[in-house]
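A.B. asks: Structure for this input, please:
(2 chains)
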Amino acid sequence: MENIVFNEVWGFDIAVEMTFLAIASFATLFALLAYREGRLREALIGAAVAAVLPVFSLIILNLHLLKPEASYLLFLSPQPRSWMVYGGIGMTSLIVLSAVFALLLLSQLARLPLIGRLSPLAANSALMNAVGILMVLAGAFVALYTGLLMSYERGIPFWHSAAIPAIAFLMGLTGGSSLYSLITPQDRRVSLALISSLSLLLVIYLAHLLISLLGSPAANVSAKTVLDSGLFQVSLLLALLAIVGLAANLYFRTRYIPIVAGLIGIFVIFALRLLLLEAGAWELPVV
Amino acid sequence: MRPVFVIDPKKCIGCMACVAACSIEHGVLFTTADNEPMGWSHTQRLRTWVSWIETENPQPRRTFMPVLCFHCQDTPCERVCPTGATFKTKEGVVLINKDKCIGCAYCIIACPYGARYKVKAGDKEKAKKEFNMKSVEERYAKTELKVRLFEPPVPNKWAVAERAVDKCTLCYHRKELGNWIPACVEVCPPKARMFGDLDDPNDPVAELVRSGKAKQLRPDLKTEGLVYYVR
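C.D. replies: This is a model prediction of the structure:
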């Protein structure tokens, strides 16, 4: 159909940006849990990743703008009905809170001259838990935001669905558990988190594709484009292999399978996001 | 005044005079327009365009469809704009404050009608280097016509600007000059494009809307634009 036009505005770079946000968003949850169990090094890695990856995301977003030097207008002249404003606030909060959490952890782990002065604060578990919970909330919002941004408007029917924020949220959970599958490959709870989040992500993604096939012509074309794509088929196969491998590893307990599954998890959320973005299409009106 | 823009696709002959008039009026980069030579334009890098669809049954037929911003009253592009660069005038015309536009392109995503496009840095220079532009400049140099390419002929603060998203303004600058008829309407030979005032009970263009002869496209989207098509 001549009037179905595919999105060329948000593509590979935005998929990378959103994947970084997905990983960072729920790395916060695993970092907080690791802290609460006294595994400070593991907590530090997660918090540091949650602080650094959104910075890269902001850099990518800035490069995407026609006027990167004017991006401050997002904060100085915000339009409160735009999700992008809340996304900017959410990402900034995630960076700040994760950086604070990471610095407090670092002050406990390393005797560094300046950061070491923070150690009395880091010893205050109530403060650490409060910062940690705020960090997790900011992360959860950022994960959800990457879906709300896409699903809010009616222009692209494939995106205008309640499934998209749910998919984005599950991509965050999968990203966070994939990261911790690399950091703590022998933690069975992380493996279980990755199995369940990845499985649920696949189920909802497939349900979204099937429902879209029944929807408007543009949504139908988008869903068919994803289903016919080699990248989708490879991702689906790899995700299933990762789920089966991780499930088997609950008994075999090797460290390599969770590492490979973690890498697959990150690849899958990137691929599924890229497909969502690139298959999004408008149905322009015809007389 | 409540402006209304009516298009009669049956009258459109696809001459593109509207596109040329718009390009001249706003300094739009006509030569770099990334249009599809046949059929639907994929990225509408112009403020207005004429798409067409060809069908063969029951007999070969080409239907032209002039396109421009629908100036929605329930405005998706305004709603998603993070800096408030997109705004609506009291007449309901949707405009972009180019100084506030950061070029995030969220509005392009939100527009259900494909009416917005990016103008990147260097697009004007790129257009000026195009082969056919050079030949046009040379021809003009031999005449006494004082035509400055890519420069609007009349004061136009809504003219195309680099490093911002661009779209149709319904020639709002002409209202400020005291003669509000969009350039595309003025030049359309078969009068397929019409501009009127819904507040004027004697306006024949508004009457097309009031009588129901002209209707909005995609009413299911409930964006309630100012642009109607005779169906």
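A.B. asks: Distance check, A:G88 against chain B.
C.D. replies: For A:G88, the distance to chain B equals 7 Å [C-beta to the nearest C-beta, to the nearest Å]. C-beta coordinates here come from the backbone N, C-alpha and C atoms, glycine included.
A.B. asks: Determine the number of other residues adjacent to that residue.
C.D. replies: A:G88: 19 surrounding residues under other C-beta atoms under 10 Å in any protein chain shown.
A.B. asks: Buried by neighbour count: which residues of the helix or strand that contains it qualify?
C.D. replies: Of the helices and strands defined by DSSP states H and E, A:G88 is found in helix A:83-109. Counting neighbours by 16 or more other C-beta atoms under 10 Å in any protein chain shown, one finds that the buried residues in helix A:83-109 are A:83-108.
A.B. asks: all helices for the chain, in order.
C.D. replies: Went with chain A since none was named. Secondary structure of chain A (DSSP state H): helices at A:12-36, A:40-64, A:73-76, A:83-109, A:119-122, A:125-151, A:163-183, A:188-213, A:217-228, A:230-252, A:256-279.
A.B. asks: think we crossed wires, I meant chain B
C.D. replies: Using DSSP H, helices in chain B cover B:17-26, B:76-80, B:106-110, B:123-128, B:131-141, B:172-177, B:183-187, B:204-210.
A.B. asks: tell me the mean pLDDT over the fifth one?
C.D. replies: Along helix B:131-141, the predicted confidence averages to a pLDDT of 64.
A.B. asks: Quick check: residues of the stretch 51-200 of chain A near chain B?
C.D. replies: A:61, A:64-68, A:70-71, A:73-74, A:77-79, A:81-85, A:88, A:149, A:152-156 (C-beta under 8 Å from any C-beta of the partner chain).
A.B. asks: In chain B, where is pLDDT below threshold?
C.D. replies: Chain B contains residues with pLDDT under 70 at B:28-45, B:127-140, B:143-151.
A.B. asks: which residue of it sits farthest from its center?
C.D. replies: For chain B, the largest distance from the centre (C-alpha atoms, centre = their mean) belongs to B:P58, which lies 32.2 Å off.
A.B. asks: so how far is chain A from that residue?
C.D. replies: From B:P58 to chain A the distance is 18 Å (C-beta to the nearest C-beta).
A.B. asks: excluding its backbone neighbours, what's nearest the residue in the stretch 51-200 of chain A that chain B sits nearest to?
C.D. replies: Going by C-beta to the nearest C-beta, chain B is nearest to A:L66 of the stretch 51-200 of chain A, at 2.3 Å. Closest residue to A:L66 apart from its sequence neighbours, by C-beta to C-beta, 6 or more residues apart in numbering or on different chains: B:G103 at 2.3 Å.
A.B. asks: A:L284: what's it in contact with?
C.D. replies: Taking C-beta atoms under 8 Å, 6 or more residues apart in numbering or on different chains as the contact definition, A:L284 lies against A:N3, A:I4, A:V5, B:W40, B:V67, B:P112, B:Y113, B:G114.
A.B. asks: which ones are touching the residue of chain B found nearest chain A?
C.D. replies: Nearest residue of chain B to chain A (C-beta to the nearest C-beta) works out as B:G103 at 2.3 Å. Listed by C-beta under 8 Å, 6+ apart, the contact set of B:G103 reads A:L65, A:L66, A:K67, B:K118, B:R163, B:A164, B:V165.
A.B. asks: thought B:A17 was touching B:K191?
C.D. replies: No - counting by C-beta atoms under 8 Å, B:A17 stays clear of B:K191, with 11.5 Å between them.
A.B. asks: So which of the two has more stuff around it?
C.D. replies: Ranked by neighbour count (other C-beta under 10 Å), B:A17 and B:K191 place B:A17 first, with 18 against 11.
A.B. asks: nearest residue to the more buried one other than its sequence neighbours?
C.D. replies: Distance criterion C-beta to C-beta, 6+ apart; nearest residue to B:A17, sequence neighbours excluded, is B:V187 at 4.7 Å.
A.B. asks: Would you agree the one you found is in contact with B:A21?
C.D. replies: Yes - if you go by C-beta under 8 Å, B:V187 and B:A21 touch, sitting 4.2 Å apart.
A.B. asks: Looking only at neighbour counts, state which of those two leads.
C.D. replies: Comparing B:V187 with B:A21 by other C-beta under 10 Å, the one with more neighbours is B:A21, at 20 against 17.
A.B. asks: can you pull the contacts of the nearest residue to A:A47 once chain neighbours are set aside?
C.D. replies: Of all residues not flanking A:A47 in the chain, A:A102 sits nearest, at 3.8 Å (C-beta to C-beta, 6+ apart). Applying C-beta under 8 Å, 6+ apart to A:A102 gives the contacts A:L44, A:A47, A:A48, A:A50, A:A51.
A.B. asks: one more time with 10 Å
C.D. replies: A:A31, A:A43, A:L44, A:I45, A:G46, A:A47, A:A48, A:V49, A:A50, A:A51, A:V52, A:M135 (C-beta atoms under 10 Å, 6 or more residues apart in numbering or on different chains).
A.B. asks: out of these, what pair is the most spread apart?
C.D. replies: Maximum pairwise distance in the contacts of A:A102, criterion C-beta to C-beta, is 15.0 Å, between A:A43 and A:V52.
A.B. asks: How far does stretch A:147-156 sit from its chain's centre?
C.D. replies: 17 Å (C-alpha atoms, centre = their mean, to the nearest Å).
A.B. asks: number of nearby residues for B:C12?
C.D. replies: Should you count by other C-beta under 10 Å, B:C12 turns out to have 22 residues around it.
A.B. asks: what's near enough to touch it?
C.D. replies: When contacts are counted by C-beta under 10 Å, 6+ apart, B:C12 touches A:287, B:18, B:50, B:52, B:63-66, B:188-193.
A.B. asks: Just the buried residues out of these, in ChimeraX syntax.
C.D. replies: Remark: buried members of these, expressed as a ChimeraX selection using 16+ other C-beta under 10 Å:
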select /A:287 /B:18,50,52,64,65,66,188,192,193
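A.B. asks: between the contacts of B:C12, which is nearest A:F26?
C.D. replies: Checking the contacts of B:C12 against A:F26 by C-beta to C-beta gives B:M65 as the nearest, at 46.4 Å.
A.B. asks: you'd agree the closest one is up against B:W49?
C.D. replies: Yes - B:M65 is within contact range of B:W49, at 9.1 Å (criterion: C-beta atoms under 10 Å).
A.B. asks: Please give the number of neighbouring residues around residue 180.
C.D. replies: Just going to use chain A. Neighbour tally, A:Y180, other C-beta under 10 Å: 29.
A.B. asks: switch to chain B, that's the one I care about
C.D. replies: 18.
A.B. asks: got it, and A:Y72?
C.D. replies: A:Y72: 10 neighbours (other C-beta under 10 Å).
A.B. asks: phi, psi of it?
C.D. replies: Backbone geometry at A:Y72, expressed as degrees, to the nearest 10, gives phi -60, psi -20.
A.B. asks: pretty sure it is touching A:T92, no?
C.D. replies: No - using C-beta under 10 Å, A:Y72 is not in contact with A:T92, being 11.8 Å away.
A.B. asks: Give the burial count for the closest residue to chain B within the stretch 151-287 of chain A, as a bare number.
C.D. replies: In the stretch 151-287 of chain A, the residue found nearest to chain B is A:P285; the distance is 3.7 Å by C-beta to the nearest C-beta. Close neighbours of A:P285, defined as other C-beta under 10 Å, add up to 19.
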